[in-house]
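> task: produce atomic coordinates for the following.
(2 chains)
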Amino acid sequence: MGGSTASLRAYVITRVILMVPMLVLLLTFTFIILRVAPGDPVSTIYGERGNPQVIDRIKTELGLYDPLYVQYFRYLHDVFTGHMGTSILTQRPVIDEIWSRMPATIELTLSSMLVASVLGIGLGTFAGTRRDRLPDFGTRLYGALAYNIPIFWFGLILKLVFAVWLGWLPVSGRFSPRLSTPPTVTGLYTIDSLLALNLPAFADAVAHLILPSLTLGIVLSGFFVRITRVNVIHAMGSDYVEAARARGIPERSVFFRHGLKNALVPVITTMGLTFALLFSGAILTETVFSFEGMGRFVYLALSYRDYPAIQGAVVYYGILMVIISLMVDILNAFVDPRIRY
Amino acid sequence: MADWFARGRTSLVGRLFGTFLRQSRSIAGVLVWIGIAVVLAIIVMALLAPFLAPFDPNTKVADPELPPGGPFVMGTDRGGQDVLSRIIWGSRVPLAIIAVATTISLALGLPLGLLSGFAGGRLDRAILLVMDSIYAFPGLLLAIAIAAVIGRGILNVSFAIAVVYIPTYFRVIRNHVASVKEEPFVEAAIALGLPRRRVIGRYILPNVAQSIPVIFSVNAADAVLTEAGLAVLGLGLPPGIPDWGFDISLNWQRFDASWWATFFPGLFILILTTALTFVGEGLNDILNPLLRRRETKVGAEA
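Numbering: from 1, shown residues only, chains lettered A, B, ... in the order given. As a prediction, this is how the structure comes out:
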């Protein structure tokens, strides 16, 4: 046991060290893509007919005339010392913009993940234990439809039906303007309002969250249904389940303690992979529901070629993805001792 | 070289097709047939658009936002254009994007996967690192970044989408190659001193190729969805070209007033992507019982 703990530690350390080249790669890629591209932020914002001298001066101030390698190393230096610059569009430090918008996206992604896992694992198990029967086909159809639905369009339909026609839920935003927002602790309105024991605010925050997280969660659940179903079928047909049955263990217990438990290991680790999918979906979901999170920020920054903002956002997503994949790998190594790279 | 290619291709296509035909009456087979039928119908619709569309897709033919009914089966949009005609013409864009984007992804992902899986060692790890970095990054965001930089147009958008899916081809092919490489017949071929190109072409590629149709159909469905996403965010094709995604972006802000102008284009996207998935899932069940096991393994390796 001591040996495996040591190798696990070595493994974790290797993975943490590997984060650095992955991030540098990502940063370099962003830098190249943005600098090689035609167009620059100053001209985009001031327009083609802006005063050329003013544009020139601002460009010089921003260092856009320096040699590329100087810009590149300045950029790397800034990122690693935590300076992401000032957004050209909003004139606020990029890091502040990110901090103020991140909670919205975290709130949305976590609640969508909850919807997706409950729906996906539930339905996937249901289908997997009834293989090739009618419920199995129904569920697979649901999985295929959910996974393939254009998320933006699906969000619009939910919004039209439940917010506009039925009027049950708010149409857009994160919080009603008529209520005062709870004091910021985590930035997540649901948690902050609970901490402040402000129940009306909590109810309002949850009401705003329901449609966006249903939209994103249902789409993602299509993926979970598939993975869960396949793994449940795989586990229930395995030798160890056969052996457990042969030993006369009641079917219920065979299913929960031997089948499902083993089936869920790969499902849980696959969830980590879906974060990339989740963040992509969040960009569109945030657009439909005017949910002011990172996705909206990225979109606006891109529309205006706001370099510092885009770079900040990419760094933010990069760090987030690297950390998530690291956590997933480590979690994976814990639950499945066979995996060591 | 020529006879090698001919033999390799006959055996490969023949084998894939044979397995498929033998199983085509199973439920998975039916799924594939439905999927193929729908995709073909959409291809026919795209080809015959000038004859099928009742109106010109880019002309104002009636009052804006007429509800479905009368000569306008699916109503008219904000610009007074016929929604049905725009949908018929618009089917050309997703099909073109699928063709171009999947070709680019495959053309880069397949050789890289073969190389990486076969070579192993440091080269393998370096390519894996690059591919994993791309893979881990949110796909739509990557496509947005590329599309924002290289601009609009079918080729540009296809390229932006293609980059996102290179790692998918790469990963499946690479893992497959790495496992096939350990098989006795490949080891024997290497031991016999056959040139590397021949080992890959004659012994590895045919065994790995069976996973390509499955990745292709998943990739194709994702490409359509990504293109729609880009279009909705204003990064799709230049205005004037009817396109399902673009039509959604044109009309969605009036969704509560004229839902049909947004609803029908989205519905067609869903029909196309679901049909592609049917093809993929069915082929997966038929051609590749191994892939199911690998799906579990990919999860476990993640």
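> give me every residue in the stretch 1-150 of chain B lying close to chain A.
For the stretch 1-150 of chain B, the residues in contact with chain A (Cβ under 8 Å from any Cβ of the partner chain) are B:27, B:129-130, B:132-133, B:135-141, B:144-146, B:148-150. For the C-beta atoms, the positions are set from N, CA and C on the backbone; glycine is no exception.
> what about the strands in the chain?
With no chain named, the answer covers chain A. With DSSP state E as the criterion, chain A has no strands.
> if I look at residue 200, what pLDDT would I see?
If you meant another chain, say so; for now it's chain A. A:P200 is assigned a predicted lDDT (pLDDT) of 77.
> not what I meant, chain B
82.
> re earlier: Throw together a PyMOL command that grabs the buried residues out of the residues of the stretch 1-150 of chain B next to chain A.
Filtering those down to the buried ones (16 or more other Cβ atoms under 10 Å in any protein chain shown) takes a single PyMOL command:
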select buried, chain B and resi 130+132+133+135+136+137+138+139+140+141+144+145+146+148+149+150
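> take the residues of the stretch 1-150 of chain B next to chain A and keep only those in helices.
Using DSSP state H, B:27, B:129-130, B:132-133, B:135-136, B:139-141, B:144-146, B:148-150 are the members of those that sit in helices.
> residues in contact with the nearest residue to A:F223 once chain neighbours are set aside?
The shortest distance from A:F223 to any non-neighbouring residue, by Cβ to Cβ, 6 or more residues apart in numbering or on different chains, is to A:Y147 (5.6 Å). Residues in contact with A:Y147 (Cβ atoms under 8 Å, 6 or more residues apart in numbering or on different chains) are A:219, A:222-223, A:226, B:277.
> roughly how far apart are A:R229 and A:V115?
From A:R229 over to A:V115 the distance is 18 Å, taken as Cβ to Cβ, to the nearest Å.
> who's more crowded, the two?
Using other Cβ atoms under 10 Å in any protein chain shown, the more surrounded residue of A:R229 and A:V115 is A:R229, with 27 against 20.
> and B:A107, what helix or strand is that in?
Under the criterion of DSSP states H and E, B:A107 resides in helix B:92-119.
> hmm, B:P138 and B:T226 touching each other?
No: with contact defined as Cβ atoms under 8 Å, B:T226 does not reach B:P138; the gap is 11.1 Å.
> which residues touch the residue nearest in space to the middle of chain B?
What sits nearest the mean C-alpha location of chain B, by Cα atoms, centre = their mean, is B:A220, with 1.3 Å. Applying Cβ under 8 Å, 6+ apart, we find B:A220 in contact with B:98, B:102, B:276.
> filter those down to the buried ones.
By 16+ other Cβ under 10 Å, these give B:98, B:102, B:276 as buried.
> including distance to A:T90, could those residues go into CSV?
Shown next, in CSV, are the buried ones among the contacts of B:A220 (distance: Cβ to Cβ, whole Å):
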residue, distance to A:T90
B:I98, 38
B:T102, 39
B:L276, 41
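> would you mind measuring the gap between the ends of stretch B:237-248?
Stretch B:237-248 has its terminal residues 13 Å apart, counting by Cα to Cα, to the nearest Å.
> now it, how far from the centre of its chain.
19 Å (Cα atoms, centre = their mean, to the nearest Å).
> give me the below-cutoff pLDDT ranges for the stretch 1-150 of chain A.
Within the stretch 1-150 of chain A, the stretches with pLDDT under 70 are A:1-8, A:34-50, A:61-64.
> what parts of it come near chain B?
A:18, A:21-22, A:25-26, A:29-30, A:33-34, A:36-37, A:132, A:137, A:140, A:144-145, A:147-150.
> please pick the buried ones from those residues.
A:18, A:22, A:25-26, A:29-30, A:33-34, A:140, A:144-145, A:147-150.
> hmm, which two among those are most spread apart?
Greatest spatial distance in those: A:L34 and A:R140, 42.3 Å, computed using Cβ to Cβ.
> which ones are touching B:G121?
By Cβ under 8 Å, 6+ apart, B:G121 has no neighbours at all.
> with B:A37 instead?
B:A37 neighbours (Cβ under 8 Å, 6+ apart): B:A275.
> what's the burial count for residue 239?
Just going to use chain A. Neighbour number of A:D239 under other Cβ under 10 Å is 7.
> if you could check chain B rather than the one you did, that'd help
12.
> mind checking the SS state of it?
coil (DSSP: H, G, I helix; E, B strand; the rest coil).
> look up how far chain A lies from it.
Distance, B:P239 to chain A, by Cβ to the nearest Cβ, to the nearest Å: 16 Å.
> pull the CA atoms of stretch B:31-43 into PDB?
C-alpha atoms of stretch B:31-43 as PDB (Å, rounded to 0.1, in the frame of the first residue of the first chain):
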ATOM      1  CA  LEU B  31     -31.500   3.100 -37.000                       C
ATOM      2  CA  VAL B  32     -28.800   3.500 -39.600                       C
ATOM      3  CA  TRP B  33     -31.200   3.200 -42.400                       C
ATOM      4  CA  ILE B  34     -33.500   5.900 -40.900                       C
ATOM      5  CA  GLY B  35     -30.600   8.200 -40.300                       C
ATOM      6  CA  ILE B  36     -29.200   7.700 -43.800                       C
ATOM      7  CA  ALA B  37     -32.700   8.200 -45.400                       C
ATOM      8  CA  VAL B  38     -33.100  11.500 -43.600                       C
ATOM      9  CA  VAL B  39     -29.600  12.700 -44.400                       C
ATOM     10  CA  LEU B  40     -30.200  11.800 -48.100                       C
ATOM     11  CA  ALA B  41     -33.500  13.600 -48.100                       C
ATOM     12  CA  ILE B  42     -31.800  16.700 -46.900                       C
ATOM     13  CA  ILE B  43     -29.000  16.300 -49.500                       C
END
